[in-house]
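Pasted the sequence and its predicted model underneath.
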Amino acid sequence: MPLFNPPPANSDEALDERRTKGYLTGMKQYRAIAAYYDAENEHHDMLHRDVPMLLKHLPQRRQNVLELAVGTGRPAIPLAEAGHRVVGIDYAKDMLDIARAKRDRAGISQRDFALVRGDVRRKRLRWKFDWVVLLFNTMLAFPTLEDQDALLRNVTRHLKPGGRFWLDIFQPNLSLLARPRSQNLDPVIFYIPELNRTVFRNTTVKRDPAAQIQEVTFRYRWFDDRGGEHNHRVTFPLTFIFPRELRILLERNGLMLQKMYGDYDGSDLNSDSPRIIALCRRRWR
């Protein structure tokens with residue numbers, strides 16, 4: 001198996017459909033509304049800081065990078081613009097369609113940023129990568145140990161010996177976890193030009209610390225041009241992972257933890273840190 005053979009030109013559709021039958025079974029339950037995704041998350045400060053921090057850790061020489069759960073291509077596009085060759089995997093065709101359109105508008109070739117449809121726990125590519133990245137709490141959308149192990153095994157499978165894995169999740173907030181329910185969290189109003197729609201979203205979280213699960217509900221409300229009100233709800237489970245627990249998960253799946261940061265300023269992880277940003281290396285075999 002070659003360490004990396006870049007996809008041929010015009011390869012997205014082939015990668016999109018080939019070897020993906022049955023990939024939808026057992027998929028993570030969070031299903032973003034693709035048309036809303038960029039606009040509803042744009043207000044998060046962390047999404048303006050995570051990629052710059054990652055780029056500081058990547059060598060200046062060209063790296064082959066696999067982004068799992070690539071979504072609309074938010075991190076992948078600046079990685080490709082910085083000169084790295086990126087492959088992104090996601091199960092959601094509508095998200096990949098947006099990523100493809102954004103890539104094309106940015107003038108990035110398919111060779112430098114290829115898109116693959118598939119389950120990030122099971123999808124097997126022909127290539128090995130210098131880096132695998134998993135950002136914006138995505139690992140927490142796989143709430144069972146079986147899913148987490150499958151995901152991390154797939155990370156290791158796609159890394160070159162000694163290759164790096166970059167993971168970014170929130171650090172559990174014990175005071176919040178002690179509350180069985182929180183309502184009206186993170187209210188945000190955003191506008192979707194393509195739909196000519198202004199949307200209000202708020203969040204409700206129900207917590208079960210014994211099961212280590214948070215049930216997250218996004219509630220969306222908007223009005224059409226006749227004044228008619230529309231409501232939509234998305235509910236999904238989200239787990240939470242503590243630092244020592246994360247170290248065990250990584251190590252038993254062939255990944256050595258090199259550093260844990262607590263925020264995007266590069267500060268060390270401590271009890272007050274909002275994030276767990278883990279830099280890992282695949283074990284040499």
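Arrived safely.

hey, which helix or strand in the chain has the poorest pLDDT?
Within the chain, judged by mean pLDDT, DSSP states H and E, the helix or strand with the poorest mean is helix 12-17; its value is a mean of 43.

Can you name the next helix or strand after that helix?
Once helix 12-17 ends, the next helix or strand along the chain (criterion: DSSP states H and E) is helix 34-41.

Give me the helices and strands touching that next one, please.
In terms of contact count using 3 or more CB pairs under 8 Å, 6 or more residues apart in numbering; DSSP states H and E, helix 34-41 is assigned the packing partners helix 93-105, strand 181-192, strand 197-208. Glycine gets a C-beta too; all of them are placed from N, C-alpha and C.

let's go with 10 Å and repeat that
Using 3 or more CB pairs under 10 Å, 6 or more residues apart in numbering; DSSP states H and E as the contact criterion, the secondary-structure elements in contact with helix 34-41 are helix 93-105, strand 181-192, strand 197-208, strand 213-223.

Turn these into a markdown table, columns for mean pLDDT and mean neighbour count.
Putting these into a markdown table (pLDDT from 0 to 100; neighbours: other CB atoms under 10 Å) gives the following:
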| stretch | mean pLDDT | mean neighbour count |
| --- | --- | --- |
| helix 93-105 | 98 | 17 |
| strand 181-192 | 97 | 13 |
| strand 197-208 | 98 | 16 |
| strand 213-223 | 97 | 17 |
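
Please convert these to JSON lines, extending it with distance to Asp168.
JSON lines is the format used below for the helices and strands packed on helix 34-41 (distance: least, CB to CB, whole Å):
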{"stretch": "helix 93-105", "distance to Asp168": "18"}
{"stretch": "strand 181-192", "distance to Asp168": "18"}
{"stretch": "strand 197-208", "distance to Asp168": "20"}
{"stretch": "strand 213-223", "distance to Asp168": "18"}
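
nearest to Leu54, of these?
Leu54 lies closest, by CB to CB, to one member of those: helix 93-105, at 17.5 Å.

re earlier: out of the helices and strands packed on helix 34-41, which comes closest to Leu79?
Across the helices and strands packed on helix 34-41, Leu79 has its closest neighbour in helix 93-105 (11.5 Å, CB to CB).

strands paired with the next helix-or-strand element following that closest one, and their directions?
Counting by DSSP H and E, the element after helix 93-105 in chain order, helix or strand, is strand 113-117. Paired neighbours of strand 113-117 in the sheet (DSSP bridges): strand 85-90 (parallel).

how much does the partner strand deviate in direction from helix 93-105?
Counting by axes from the mean of the first three to the mean of the last three CA atoms, to 10 degrees, strand 85-90 points 160 degrees away from the direction of helix 93-105.
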